[in-house]
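In: fold the following for me, if possible:
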Amino acid sequence: MHFRVLAGSGCVAPGIALALGSLGCNLIAADRATGPNVLLVTIDTLRADRVGAYGAREVETPTLDALAARGVLFERAIASAPLTLPSHASLLTGQYPPTHGVRHNAIFVLPQGVETIAERFHDAGYATGAMVGAAVLDTGFGLGQGFDVYDSNMPTERASAAGFFEIPALEVTNRALAWLAREEGPFFLWVHYYDAHAKWRAPEPFHSRFAKHPYDGEVAYVDHELGRLLAGLAENNRLANTVVAVTADHGEGLGEHGEESHTYLIYDSVLHVPLILAGPGLPAGKRVGRVAPNPALAPTLLALAEVPPLSRTDVADLAPLWRDGAEPGAAGEAYAEGLAGQLDHGWAPIHAIRTDAFQYIRAPRAELYDAVSDPHQLRNLLPSESAGQLAAVRTAEARIDALLKRGTTLGSAPVGAETRAQIEALGYVVPDGTAVATGADPKDVHRLGGVAFDALSLMFAKRYEDAEKLALRGLEVMPGSSQLHDILARLYIETRQPKEAMPHALAAAQLNPRAADFRAQVAHVHLLQGDLASAIAAFEEALRLDPTHAGAHVGMMWRAKLDGSIEEAIAHAEQALAIAGEHAFIVERVGEVLESLGEYARAQAVYLDGAKRHPQQLAFHMRLAIQYARFGDDAKATAEREAAGEKAKDVNLRNRLGIVYAARKEFARAEPIFRGILAERPGEPSTRRFLARMLRETGHTAEADALVEGVAPAAEVLPPESPTEIQPRG
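Out: Take a look at the predicted model:
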């Protein structure tokens, strides 16, 4: 039930509006500009040293290499965070994370007041589009500001057992080319490829060609798709008038500093990224050796397109670095930060200043590295007696303090169920506030961060006992980890152990007392236990913390069972749909609660609209089958059940269909459904109870008594199912 997606990315459809109310959308078209096109490509998790133009060997990046040959290559581009969402927010705003306020994946939203380059291009008359390859950049996180089209529609199936929801590069390219075919005038297009992010499973022939180095195989695959995208522009005679910028949001540890992936450390292994620019106004074959902060790409692209600059940036246009004789401006220095450890586990935050000469990392044990003689950052120069090194530390400390002082207050926005259901997940669920502070230095404990990912992988694989043991062991060393408590709460919810779920749901909420998402989870567990009054109180608290929490609005609909009214429930349903009505998950939950409240006609209208708008969401057909069965329309019930495909096998939905038939005294239809479920799950308590009730009505008392022997009484409330989808690492 804990679900939140920000409004602004869609409209409630007509079918829902007829059932619950109405909403409108106003689309404003701008006059098209006449400047050069701009294509921004971000290749997630791409290290600079895995690109041929950066000196890599035994790799296949001909597209990137050719682009560098006809443009400008920045040898020392530095990302602002080792995380997808904060770094992309910086790329689109020209601001560092402390300024734009997005400090971690999934739990922050870019504020509407922060200006993006998409807004600038849109205001200048450009067609603006974004093709996003992973749900970690879902439109709900605020990056869609200024885009005419922001395509973050994810597949319904995971890309791996560990919970990945992403779009392969082939499809991202196809979507980008289709969008370009519809736009004839100047455009700003952002294309995001996620494939180089773990886990690495490139398609053939790249998988076989790079069997020993699967990461390089993914990079080669993305390079191939980028080539196809550029070829599409060339075929339509548009490439020559297009500024092409290719970079990455962060790199990958690949074992350096003991880090296989990325998230908790801020060495060059995860911060040094490629940055290549080519097109009108750019020299060919130019290499820039100075440090270039990646957020500076935003003002640079606007300047190249002669579009008015952003009202606020932390970095300057990079053009002086490739123009002979020009002043270098603010380049030669970059800021980066790592707050994931603080937000996830209560570890100390870390901040870095990277210059042409040094890399300084503020941490409980500070680090200073010679960027020239020690490029892999293996020899910490601190403590030091060198005057030059101490001066570098003082300068870096002052720079960090200045950035943090003028930045935003650390505070996050919770994002829940369906968006988190589609995010490549590690369990980053810290909607607001930080975990209990331990002060641990991330370089000492970062390996513990993998515990949550491993526990999630086991849970998604339905190895519940192993997942439980691992998460509990993790809590022994990280008792303040809200994500581990959240994982355990979800695990126990999924395995129908609400009593065991409650202490972990409460612990997560107590560790983050301002977290609406965690409070909503507590409410859901109360529902599972049949404690409606406590559930409503917790949902009210969630809404007090975050009035736009869609899942809490759905939860408040249950108040009609307590001391509320149907009118109040409908009002909350309208709120939930206004906030997140474009998401199939929330539409389904609204319909389900309406159904449970006896508002069958309204529920049916919601399901009908859901089935039309989300044809891939087969559960809507099974829910419609239940409604048609309730109304006695057997033909439509049968047709919808067939249309449900695999969802027709869902135990919960089959059980509900059986209950409807039993309520109508159609025992011949209900009994085979109940017995089929029990053949698969002999201990299914709800099915045993309803079959027993039906058997008593037909005089089979002995079998009925045997069925309910030892089965716990039913909860007064049947809450919607709760997904076990967790937040991302990116």
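In: CA atoms of stretch 49-67 as CSV?
Out: The C-alpha coordinates for stretch 49-67 follow below in CSV (Å, rounded to 0.1, in the frame of the first residue of the first chain):
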residue,chain,number,x,y,z
ASP,A,49,38.9,3.9,-19.2
ARG,A,50,36.6,1.4,-21.0
VAL,A,51,36.4,3.6,-24.1
GLY,A,52,39.0,3.3,-26.9
ALA,A,53,39.4,7.0,-27.3
TYR,A,54,40.5,7.2,-23.7
GLY,A,55,43.2,4.6,-24.3
ALA,A,56,41.3,1.4,-23.6
ARG,A,57,42.5,-1.7,-25.4
GLU,A,58,40.5,-4.8,-26.3
VAL,A,59,37.3,-2.9,-26.3
GLU,A,60,34.8,-2.1,-29.1
THR,A,61,33.7,1.5,-29.1
PRO,A,62,34.0,2.6,-32.7
THR,A,63,31.1,5.0,-32.5
LEU,A,64,32.5,6.9,-29.4
ASP,A,65,36.0,6.8,-30.9
ALA,A,66,34.8,8.4,-34.2
LEU,A,67,32.8,11.0,-32.3
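In: which residues does that stretch contact?
Out: 48, 68-69, 73, 75, 206, 209, 213, 215-216, 219-220, 223-224, 226-227, 230, 244, 246, 272, 274, 276, 278 (CB atoms under 8 Å, 6 or more residues apart in numbering). Every residue, glycine included, has its C-beta placed from N, CA and C.
In: after the helix or strand A625 falls within, next one along is what?
Out: Secondary structure assignment for A625, by DSSP states H and E: helix 619-630. Going down the chain from helix 619-630, the next helix or strand is helix 634-643, by DSSP H and E.
In: the next helix or strand after that next one to helix 634-643, inter-axis angle?
Out: Next along the chain after helix 634-643, taking DSSP H and E as the criterion, comes helix 651-663. Orientation of helix 651-663 against helix 634-643 (axes from the mean of the first three to the mean of the last three CA atoms, to 10 degrees) gives an angle of 170 degrees.
In: so which residues of the stretch 1-150 of the chain form helices?
Out: Using DSSP state H, counting those that start in this stretch, the helices of the stretch 1-150 of the chain run over 14-20, 62-69, 84-93, 97-100, 117-123.
In: tell me the mean pLDDT over the second one?
Out: The predicted model gives helix 62-69 an average pLDDT of 98.
In: now do the buried residues in stretch 229-243.
Out: For stretch 229-243, burial by neighbour count (16 or more other CB atoms under 10 Å) applies to 229-230, 232-233, 238-239, 242-243.
In: need the winner for burial among the helices of the stretch 1-150 of the chain.
Out: helix 84-93 (a mean of 29; mean count of other CB atoms under 10 Å).
In: which residues in this protein form strands?
Out: All strands of the chain, identified by DSSP state E, fall at 37-43, 71-78, 127-131, 149-151, 187-193, 242-247, 272-273, 275-278, 286-293, 333-338, 350-355, 358-362, 367-370.
In: then the third one to PDB, C-alphas only?
Out: In this case it means strand 127-131. Taking Å, rounded to 0.1, in the frame of the first residue of the first chain, the C-alpha atoms of strand 127-131 are listed here in PDB:
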ATOM      1  CA  ALA A 127      10.900  20.000 -29.500                       C
ATOM      2  CA  THR A 128      12.100  18.300 -26.300                       C
ATOM      3  CA  GLY A 129      12.100  14.500 -25.800                       C
ATOM      4  CA  ALA A 130      13.700  12.100 -23.300                       C
ATOM      5  CA  MET A 131      14.000   8.300 -23.800                       C
END
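In: what's that strand packed up against?
Out: When contacts are defined as 3 or more CB pairs under 8 Å, 6 or more residues apart in numbering; DSSP states H and E, strand 127-131 packs onto helix 117-123, strand 149-151, helix 169-182, strand 187-193.
In: partner strands of it, with direction?
Out: Neighbouring strands of strand 127-131 in its sheet, by DSSP bridges, are strand 149-151 (parallel), strand 187-193 (parallel).
In: tell me the angle it makes with helix 169-182.
Out: Using the same axes, to 10 degrees: strand 127-131 against helix 169-182 is 170 degrees.
In: next: the second one.
Out: If you take the same axes, to 10 degrees, strand 71-78 sits at 130 degrees to helix 169-182.
In: partners of strand 71-78, with directions?
Out: Counting by DSSP bridges, strand 71-78 is paired with strand 272-273 (antiparallel), strand 275-278 (antiparallel), strand 286-293 (parallel).
In: of those, which is nearest E306?
Out: Shortest distance between E306 and the strands paired with strand 71-78, using CB to CB, is found for strand 275-278: 15.3 Å.
In: gap between that closest one and the chain center?
Out: Centroid separation for strand 275-278 versus its chain: 27 Å, with CA atoms, centre = their mean, to the nearest Å.
In: kindly report the same for stretch 136-151.
Out: 12 Å.
In: tell me where the longest helix sits in the chain.
Out: Assignment by DSSP state H gives helix 214-235 as the longest helix of the chain.
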